[in-house]
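Asker: what shape does this take:
(2 chains)
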Protein chains: 2
Amino acid sequence: MTKKNILISSEEMQHLLYNLFFKYHFSVEKAKLLAQTYTKNTLDGVNSHGINRVPLFINYIERGLVHVDAEAEKAESFGSIERWDGNLGPGIINATKCTKRAIELAKSNGMGLVALRNTNHWMRGGTYGWQAAEAGCISILFTNTLPNMPPWGGKESRIGNNPFIVSIPRKEGHIVLDMAISQFSFGKINEYKLKGEKLPYFGGWDSDDELSNDPEKILTRERGLPIGYWKGSALSMILDMLATLLTAGNSTYKIGLKGHETAVSQIFLCIYPELFNDKNIQETLLNEIINYTHNVEPMCPGDKTYYPGERSLKTRIKNLKEGMSISEEIWNNVLELAKK
Amino acid sequence: MTKKNILISSEEMQHLLYNLFFKYHFSVEKAKLLAQTYTKNTLDGVNSHGINRVPLFINYIERGLVHVDAEAEKAESFGSIERWDGNLGPGIINATKCTKRAIELAKSNGMGLVALRNTNHWMRGGTYGWQAAEAGCISILFTNTLPNMPPWGGKESRIGNNPFIVSIPRKEGHIVLDMAISQFSFGKINEYKLKGEKLPYFGGWDSDDELSNDPEKILTRERGLPIGYWKGSALSMILDMLATLLTAGNSTYKIGLKGHETAVSQIFLCIYPELFNDKNIQETLLNEIINYTHNVEPMCPGDKTYYPGERSLKTRIKNLKEGMSISEEIWNNVLELAKK
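Answerer: This next block holds a predicted model:
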């Protein structure tokens, strides 16, 4: 079965999504932010956390897992650190608000940290890295998730792939690292399965507890491989600990008890580098690192090396010009939802 | 050729090292700190950045790369963020001082960040994670290094393995993650070579630009593999960018131009979790995560899973009781240096 893709402009997607979210009782402002964010994520090529994820988001609303009217509220405050409660509101809206708050705190104190509990999936974490960078801030952001990888040496998934984001503002294009701690997401593994291809590297364990690059075998048990084996396992665990402890919210363990990914814990740390008053030096230093890594001889002739965020920017520019290539089936699903 | 190991007590090592460093014109206080730190690193089983590294440290002093009398000084200050200059002093002394300062800043502001440029190798990064945890602080610390891994897709080493440390204080044993961004250090790869064994996973590229688990083939060109392939490559790059930009110091590129690892850039970020006034809840949340991951059925019967830092603590307790197993050859080298 070949899946057909179609080209959709960002205006068209944003318009449809706005109508959809407005129909689901979001305020004008919130429906706009949600529509913009799902469209932005798709524009940057992250369809999995853009348009493809909209039907599941609606499903979560219908099941009462995401509360349409709920908003993140400040629970406690200690200087440049604040604890917020997401009240099970939409992850995108909560994360945008908390990033904005961390930026404000950074601009008045040099650094700011917002620890957000009881929120929902923020979709693409990188979105908030771009948001911080657009506002002139460095950001370090992470979230915990459902258990989806075994802790190193264990048989069962008990740690999360806990996406980790770092961003740095830069005139010629922000630097944005957006990586889950898993080597491949199950979504990506499924794409390989649909193409009938093997993964280029190990991606998880098969039913015989052997590391495998066979998508089908990995998806049977959904035990993903952490980046760097034991190293990513430890990194995932400590990010979960930080998120849980700083928010006084749910850990991957607690999220796993619920059976669906909700009430997660997230950290938004911003630093305002303009306080150093040497923006030009900073740009020069960043470009020095970028040029050095760009100018390396490629391992395979014709290949290129990239800085984190470089390809997202290229994809965005291309998609803005040519339209976003998305699954026709998913587009039709979303059209249906908006009509219902 | 079999290398003989001997058992040395921590008192004996500390005593010898104190005499050695005092002979090399360190003040009483500094010689003590250096001796303590090299001993602590060895006690925790990190011989590579403990006793084994002492001869190279002395060599760097003799070559004028490490300045015995130099001290880190505050260069600029912006609220809870400070920039320090290490003045090419000993990495251990500078890092200990800057960790101490980040802890102070965190205790008065909730969070504190010290960005240190022109410093030298801090040996085991985890040491400062333990230091912060002992003082009741969370820490996020990293350093840049010489280029020792190719950026993803490139042929030549142009990014560093940039050790990354996260620590969390905990009554029953601190959580301390201490990981380089390389899958294996060249030191570890060399150990496999000496044992005539292959690495359990890819560790770098051979001369034909193929990923390899053959220690000999990797060591020919010293092109290490980042954890998670493209992911670790991007993480290494962005840590270097953060360290360089926040310190206004040297990047991995600039350090590489020198040909030896000196004048590196380091970040010390501390958070003081006691300000939340819920220490008992925090301990409960941490233990919940630890118990959940401890209680997993092992992949191989008899195996165990660990939290970050757990094995260091076990090793420390064992070594304190039984003595530290170290290379006789290296011990004799250090004895020679102390006598000279």
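Asker: ok, A:K258 - how many residues close by?
Answerer: Here the number of neighbours of A:K258 (other C-beta atoms under 10 Å in any protein chain shown) works out to 13. Any C-beta I mention is one placed from the backbone N, CA and C, and that applies to glycine too.
Asker: what confidence value was assigned to it?
Answerer: Looking at A:K258, its pLDDT reads 91.
Asker: equivalent analysis for A:M111, please.
Answerer: With respect to pLDDT, A:M111 scores 97.
Asker: surely it and A:L105 touch.
Answerer: Yes: contact criterion C-beta atoms under 8 Å: A:M111 and A:L105 qualify, at 7.4 Å.
Asker: how far away is A:E191 from chain B?
Answerer: 16 Å (C-beta to the nearest C-beta, to the nearest Å).
Asker: for the helix or strand hosting that residue, name the packing helices and strands.
Answerer: Counting by DSSP states H and E, the element that carries A:E191 is helix A:186-195. The criterion is 3 or more C-beta pairs under 8 Å, 6 or more residues apart in numbering or on different chains; DSSP states H and E, and the helices and strands that helix A:186-195 contacts are helix A:215-221.
Asker: who does the helix it packs on touch, helix- and strand-wise?
Answerer: The helices and strands touching helix A:215-221, judged by 3+ C-beta pairs under 8 Å, 6+ apart, are helix A:186-195, strand A:204-205.
Asker: one more time with 6 Å, if that's ok
Answerer: If contacts are counted by 3 or more C-beta pairs under 6 Å, 6 or more residues apart in numbering or on different chains; DSSP states H and E, helix A:215-221 sits against helix A:186-195.
Asker: what is the neighbour count of the closest residue in space to A:F78 that isn't next to it in sequence?
Answerer: Nearest residue to A:F78 in three dimensions, chain neighbours excluded: B:L275, at 4.5 Å (C-beta to C-beta, 6 or more residues apart in numbering or on different chains). The local packing of B:L275 (other C-beta under 10 Å) involves 16 other residues.
Asker: and the strands in the stretch 101-250 of chain A?
Answerer: Secondary structure of the stretch 101-250 of chain A by DSSP state E, counting those that start in this stretch: the strands cover A:111-119, A:138-143, A:164-168, A:175-179, A:204-205, A:211-212.
Asker: just send those strands back as TSV, with mean neighbour count too.
Answerer: As requested, these are exported to TSV (neighbours: other C-beta atoms under 10 Å in any protein chain shown):
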stretch	mean neighbour count
strand A:111-119	27
strand A:138-143	25
strand A:164-168	26
strand A:175-179	25
strand A:204-205	26
strand A:211-212	18
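Asker: using TSV, lay out those strands together with distance to B:T252.
Answerer: As requested, the strands of the stretch 101-250 of chain A are exported to TSV (distance: least, C-beta to C-beta, whole Å):
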stretch	distance to B:T252
strand A:111-119	24
strand A:138-143	18
strand A:164-168	15
strand A:175-179	15
strand A:204-205	32
strand A:211-212	31
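Asker: present those as a markdown table; the columns should include distance to chain B.
Answerer: Converted to a markdown table, the strands of the stretch 101-250 of chain A look like this (distance: least, C-beta to the nearest C-beta, whole Å):
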| stretch | distance to chain B |
| --- | --- |
| strand A:111-119 | 5 |
| strand A:138-143 | 7 |
| strand A:164-168 | 5 |
| strand A:175-179 | 5 |
| strand A:204-205 | 8 |
| strand A:211-212 | 9 |
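Asker: all set, thanks.
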